[in-house]
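1. how would this look folded up:
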Amino acid sequence: MELIEKLNSKQARLGVIGMGYVGLPLMVEFAKVGFKVTGIDLDEKKVALINAGESYVLDVPTPELKKLVEAGLINATADYEVVRELDTVNICVPTPLRKTRDPDVSFIVDSVAEIAEYLKPGQLIILESTTYPGTTVELILPLLEETGLKVGEDFYLAFSPERVDPGNEVYNTKNMPKVVGGVTASCGKAAEALYSQSIESIVTVSSTQVAEMVKLLENTFRSVNIALVNELALMCDKMKINVWEVIDAAATKPFGFMPFYPGPGLGGHCIPIDPFYLSWKARLAGFEARFIELAGQVNSSMPHHVVNKINDGLNNFSKCIRGAKILILGVAYKNDIDDLRESPALDVIEHLNAKGAQIRYSDPYIRSFNLLDNEYRSVDLNPDTLEQVDCAVIITAHKSFDYELIYRHSSLIVDTRNALGGKKDSKIISL
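-> The predicted structure follows:
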């Protein structure tokens, strides 16, 4: 196969559509082994930053990106016409949910329509965006074959689920095993040949549908288990049992148990969204995914539980939420990253706003954000800030927070992450 020869000799020109948390790290890994890679994104600001060698993604250090840009291995553009010059194209665009919790695949469709306009014989197209089983062959394949080219003969089409975990210091794009499924055997081999140039381990499955389902199983597994432990937290709260102590003790069992931890709700680009892609597809097949739906209900109730805890704590001090000064500690969806997507902190803030609270927040990774037409800016975490508020709420347990400072200078703390290590004190309200 000519494409495989070009990949093995590093003569192939690669392209990545979508310069976010998935696309930019992938592009960097391809370039690090010697490929010339073009990033495509309609956001002109991202394009300009990449071409200047400036990274806006935590997992991609600016010096590393700058070196690759200056070496002529990476460039970015907003013009899809560059597709005609590429040998491979990876699609890494968002796949959100509509308000009805139906999949919104419009970004995929728009990207594929642009690719089809410039599709040429010998090209490899790989979808990495998380989606429902069947998307690649039911949605993408017909759009590409409308050009008159035949899959497996004239061009190659595959699916490979992204497995990015922002801020993970152990696993990254290079050492995370890459699952690959091709529409045909030759498509699978072409995708293997691409990824094996820069990624340590490739796991080939029999079809794109299997590869699509793999990603959804991974995230549904986490969603359901987090829901279980969140429900356990609600149960233990009623029974006056420390759920954190229960989990830690259970985790000493060397087999048959994996610890999950409760929290203020789900966040990130995958777990709050991906399981509903699966349940939507299951409904079309006449199957009701009850575990997924129930897990969604439990997890989405946690921000309300946090607000109730704040209300209980304020009541203990003869105060109410309306007019209370509340400091949210950490708005990123998980520790030590700058990612706000689907963060439960946003739901907590929205509920508190509706009840008339005065909200401030502190997060060293997110300096500002907009919510419901309001702009919020991070405040410094210091004694004055803590002493001026009626309640401090730990939503994200960043390592950089000084928890002794928070403990000493707060009159009331709602600790949703056990960040204070189970301190027993009348001013601490645990999840």
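2. how's this protein carved up into domains?
-> 2-206, 226-430 (automatic domain parsing).
3. so Val180: helix, strand or coil?
-> strand (DSSP: H, G, I helix; E, B strand; the rest coil).
4. i'd like the first residue to be 220 from this point on
-> From this message on, residue numbering opens at 220, which makes the last subject Val399.
5. so it makes contact with Ser420?
-> No. Here Val399 does not reach Ser420: they are 10.8 Å apart, not a contact under Cβ atoms under 8 Å. No exception for glycine: its C-beta is placed from N, CA and C like everyone else's.
6. who's more crowded, those two?
-> Val399 (25 against 12; other Cβ atoms under 10 Å).
7. could I get the pLDDT score of the more buried one?
-> Val399 is assigned 98 on the pLDDT scale.
8. if I pick it, what's in contact with it?
-> Ala377, Phe378, Ser379, Gly407, Ala410, Glu411, Tyr414, Ile421, Val422, Thr423, Val424, Ala430 (Cβ atoms under 8 Å, 6 or more residues apart in numbering).
9. now do the SS call for the closest residue to Asn394 other than its chain neighbours.
-> Nearest residue to Asn394, sequence neighbours excluded (Cβ to Cβ, 6 or more residues apart in numbering): Glu419, at 5.2 Å. Classification of Glu419 using three-state DSSP returns coil.
10. can you check Asp558 too?
-> coil.
11. and the worst-scoring helix or strand of the chain on mean pLDDT, which residues are buried?
-> Ranked by mean pLDDT, DSSP states H and E, the helix or strand of the chain with the weakest confidence is helix 493-503, at a mean of 91. The neighbour-count check on helix 493-503 (16 or more other Cβ atoms under 10 Å) flags Asp493, Pro494, Phe495, Tyr496, Leu497, Ser498, Trp499, Lys500, Ala501 as buried.
12. how far away is the fifth one from Pro322?
-> Put plainly, it is Leu497. 10 Å (Cβ to Cβ, to the nearest Å).
13. need the residues touching each of those two.
-> Common neighbours of Leu497 and Pro322 (Cβ under 8 Å, 6+ apart) are Tyr351.
14. looking at this protein, which helix is longest?
-> helix 427-458 (DSSP state H).
15. tilt between that helix and strand 397-401?
-> 140 degrees (axes from the mean of the first three to the mean of the last three Cα atoms, to 10 degrees).
16. quick check, distance from helix 427-458 to the centre of its chain.
-> Here helix 427-458 is found 15 Å from its chain centre; the criterion is Cα atoms, centre = their mean, to the nearest Å.
17. average pLDDT for it?
-> 96.
18. next, the buried residues of it.
-> For helix 427-458, by 16+ other Cβ under 10 Å, it's 427-428, 430-435, 437-439, 441-443, 445-453, 455-456.
19. quick check: which helices or strands does it pack against?
-> strand 375-378, strand 397-401, helix 462-469, helix 493-503, helix 509-535 (3 or more Cβ pairs under 8 Å, 6 or more residues apart in numbering; DSSP states H and E).
20. want to throw those into a markdown table with distance to Gly575?
-> Compiled in a markdown table, the helices and strands packed on helix 427-458 are given as follows (distance: least, Cβ to Cβ, whole Å):
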| stretch | distance to Gly575 |
| --- | --- |
| strand 375-378 | 48 |
| strand 397-401 | 48 |
| helix 462-469 | 30 |
| helix 493-503 | 32 |
| helix 509-535 | 12 |
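21. pick the most deeply packed of these.
-> Neighbour counts (mean count of other Cβ atoms under 10 Å) averaged over each of the helices and strands packed on helix 427-458 peak at strand 375-378, with a mean of 28.
22. before we move on, the earlier item: out of the helices and strands packed on helix 427-458, nearest to Pro563?
-> helix 509-535 (5.3 Å; Cβ to Cβ).
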